[in-house]
Each structure stands twice: as structure tokens, then as C-alpha cells.
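Undergrad: Sequence first, predicted coordinates after that:
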Amino acid sequence: MSTDTASIKSTTPPISPSLFGLTKDDLVEIFKQHDEKPYRVDQVLEWIYKHRAGSIDDMLNLSQPIREKLKQQFRFKTLSKVTIQGSEDTTRKYLFKLHDGRYVETVLIPASKGLYGDKADRLTACVSSQVGCAYGCKFCASGLAGLARNLTADEIVGQLMMVEELSGQKVNNVVFMGMGEPLANFKNLEKALDIITGQWGMNIGARHITISTSGLAPVIKKLADRPQQIRLAISLHGATDDVRDKIMPVNSKWNIEELFNSLHYYKEKSNKRLTLEYILIKGVNDSLEQARILAKRAKGLKALVNVIPYNTVEGLDWERPDDEHCYKFRNTVRDTGVVTTMRIEKGHDIDAACGQLRLKQESSEGIIKAPIKA
Ligand code: SF4
């Protein structure tokens, strides 16, 4: 695995870029090349992000020739809705089709109570960063069929635009915890972050964005060097190398020591609160000894610990410990003074574990061969 691309074999098929994937600076450059006035850039951005135009033709204060030029060079929407599961006051899961026939999932979570320290009335969107994933964490459906490709910046931004359009609600919290390892698609992630946080763009504050990573230590440092105060969540799931090795293949590339070195660097640079995610799997990583080591590591970073009882994934044999043991594990960490939450998965009933819906769809179409039971 290389740090940036996670050994991507397939590339995105050539297709005209979408306006959703352009930063303000990109548009200024493009309009300059066409000898168009700079104020036109603001008009285009207002149509996209403020008025939520449905097409380039809707941009009525642009002249017909400018609209034609834009249409020749750019696509508009990049995703089409396939299904929505869930209802308005529960977790909703969206399956979107991409231009090349692949699928991505996006989840809307209302009232993310206490999640990553946020207020209860926030509407959180959980977005995908890749189709599939190369990292193969043992509990995760997204990695079951490997990596198909990176999502482009416009496909990342497009997920947020689509869920806002379809739900009629404004997203005010974004978590990169859907399909894919966001830090393995860092170039496109950075561009998408610029568009999502730009005041001219989706205008969502960096403090309301959380990136979840399996632990790509060198890229964590790169993220720390960005000026924006993005929050970071680490899929830790094992407090020692021997346990983490069983669950997270990425640990053989960057072990716990390297990972925590990068986390300390991140903490020093950004001083943002880190979250250590810990999925509890029966008989694998749920010993109280692991809880004690986890607590010690979290304390050193002043990190929050989020304990997540394992959610069953079709095709995988892991089991969730009983509730009593989950509470015991949680209390062992919490009693050391570490802020500890235990999240009961809201989307348990709608294939909310990342990647399951897309896996079913692509398996049924024969796009991938996945170990899904009939
Ligand atoms: S948990 Fe994240 S990094 Fe691991 S396989 Fe799933 S999508 Fe990839």
C-alpha cells in the first residue's frame, strides 16, 4: 500500500468534470481562460450552492453563450438516486449510482446526540470516499470486495448536495465514515474539503467535519499540517499490536507506535480532540486488559473513546459481546477518567454498517463477487 493511493489498480473512466468538483480558484482560472469577467464566478457559485440550481440552464443571469461554454466543458449532477432506506426521524441511508455504473452509500443521521461532542440537534451526513476499500478491516463490509476506485471530489461533494436536496434539510455535520479510507484518497479529499468548508461553497465549518481513518500515519501528519481544524477519529479496535493485527491489516504497515506518534503530532499541531473508535468483538478484542491499555493510550492523547458493540455483517463470522460485558469494558475505560461513550448503532436495521447496501446491489448486478449469503 502506498500512503496516498492504497494501490489503486483501476482509474476513474475519462468523463468531463463536474462543476461540483471545482473550487473558487479553479473557476476563476477557467473564466480567465475564456476572457469572462471575474464576477461571473460568484454568480455560478451562487447558483450551485445558494440557489441550488438543477442544471446549468437554470443559471439565468449568465448569458446563453456562457452557459453553452460551461455545458460543453462540465457536467452538473454526478450521482443519481437509487434507493432510500429509513424515514425522516430515523437514520436514512441513500444508495447512489455513479456515472460508471458503480454505487456509493451516504447516511443521514438526525440528532447525533453527543457524538464527537456535538449538539443533539445536528443533522449529520456520513459520506463515502471510495468505491470499496483496499484496507480490508476484518469487521467491515466495505472492504469485502476490495477497492474499485477513488471517488472524485465532485462525487464526494455531490453526496452532500444530493442528501440535502432529497431530504430538504441542511447538513451541519459531516463524518467521513462511509465506504473507503478517506486518507487513501487524500488529493480528492482535500479538494472536497475546500468545497465543503468554503464560504462560497457548502459553508460547513471545519470544526463540524470528522475524518475517520484506519490509521495511515504519514497522511495523518499531512492532515495535521493543513490549517483547517478538522476532527479526526481513529479506527483503533485493538490496544496492542497482537490484537490490532487480527482486525486491522493496516497495522502491519503502520503499527500502534507509529500510529500514536502521528496522533501526538496531530494533537500538537491542531489541538483538536481526537476520538479513538473501538468496535467490541466477542473474544477478539474485548478483554478488560485491552480496556486498561486503551484507557492509558487515550489519556496520553486526551482522546475521547467511543466503544461500539459490533454490528453483524453478512458474510462475516464475528459476534457482539453480551450487553453486560460491553458495559464492563466501557466502565473500565471510563473509570480512569477518560471521556468514554458507547454508541448503539442507530442504523442496525437498515444495513447501516458501511458498505453493505452497495455490496448487495453490486453483487446482484454481477459487478462484484462478494461473500454475501443468500
Ligand atoms: S473500516 Fe474503513 S478502512 Fe477499514 S475496510 Fe472498512 S472502509 Fe476500509
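TA: Structure received. Residues are numbered from 1 along each chain as shown.
Undergrad: Walk me through the regions of the stretch 201-350 of the chain where pLDDT falls short of the threshold, as ranges.
TA: Low-confidence segments of the stretch 201-350 of the chain (pLDDT under 70): 314-315, 343-350.
Undergrad: do stretch 306-320 and the ligand meet at all?
TA: No: Stretch 306-320 lies out of reach of the ligand by C-beta under 6 Å from any ligand atom, never closer than 10.0 Å. Using the backbone N, CA and C atoms, a C-beta is placed for each residue, glycine as well.
Undergrad: For the spatially most central residue of the chain, give its distance to Ile211.
TA: Note on the chain: the residue nearest the mean C-alpha position is Phe176, at 1.8 Å, using C-alpha atoms, centre = their mean. Noted for Phe176: a distance of 5 Å to Ile211, by C-beta to C-beta, to the nearest Å.
Undergrad: any common contacting residues for these two?
TA: Common neighbours of Phe176 and Ile211, counting by C-beta atoms under 8 Å, 6 or more residues apart in numbering, are Pro182, Leu189.
Undergrad: what does the stretch 151-300 of the chain have sitting close to the ligand?
TA: Going by C-beta under 6 Å from any ligand atom, the residues of the stretch 151-300 of the chain near the ligand are Met179, Gly180, Glu181, Ser214, Ser235.
Undergrad: one more time with 5 Å, if that's ok
TA: Glu181, Ser214 (C-beta under 5 Å from any ligand atom).
Undergrad: What ranges does the stretch 151-300 of the chain have for its helices?
TA: Counting by DSSP state H, counting those that start in this stretch, one finds helices in the stretch 151-300 of the chain at the ranges 153-167, 186-197, 217-225, 241-247, 256-270, 288-301.
Undergrad: Check the offset of the fourth one from the chain's centre.
TA: Right, the one you point to is helix 241-247. Averaged C-alpha coordinates place helix 241-247 at 23 Å from its chain's average position (C-alpha atoms, centre = their mean, to the nearest Å).
Undergrad: now do the last one
TA: Distance of helix 288-301 from the chain centroid (C-alpha atoms, centre = their mean) equals 26 Å.
Undergrad: Show me what counts as buried in that helix.
TA: For helix 288-301, a neighbour-count test (16 or more other C-beta atoms under 10 Å) marks Gln290, Ala291, Ile293, Leu294, Ala295, Arg297, Ala298, Leu301 as buried.
Undergrad: for the residues you listed, which one is nearest Ser55?
TA: Nearest to Ser55, judged by C-beta to C-beta, of the buried residues of helix 288-301 is Leu301 at 47.1 Å.
Undergrad: hang on, the residue nearest to the centre of the chain packs against Val127?
TA: Yes: assessed by C-beta atoms under 8 Å, Phe176 is found in contact with Val127 at 5.9 Å.
Undergrad: In this protein, what residue spans correspond to strands?
TA: 80-85, 92-97, 103-109, 124-126, 130-132, 147-150, 173-176, 209-213, 231-235, 274-280, 304-309, 340-342 (DSSP state E).
Undergrad: Alright, I will stop here.
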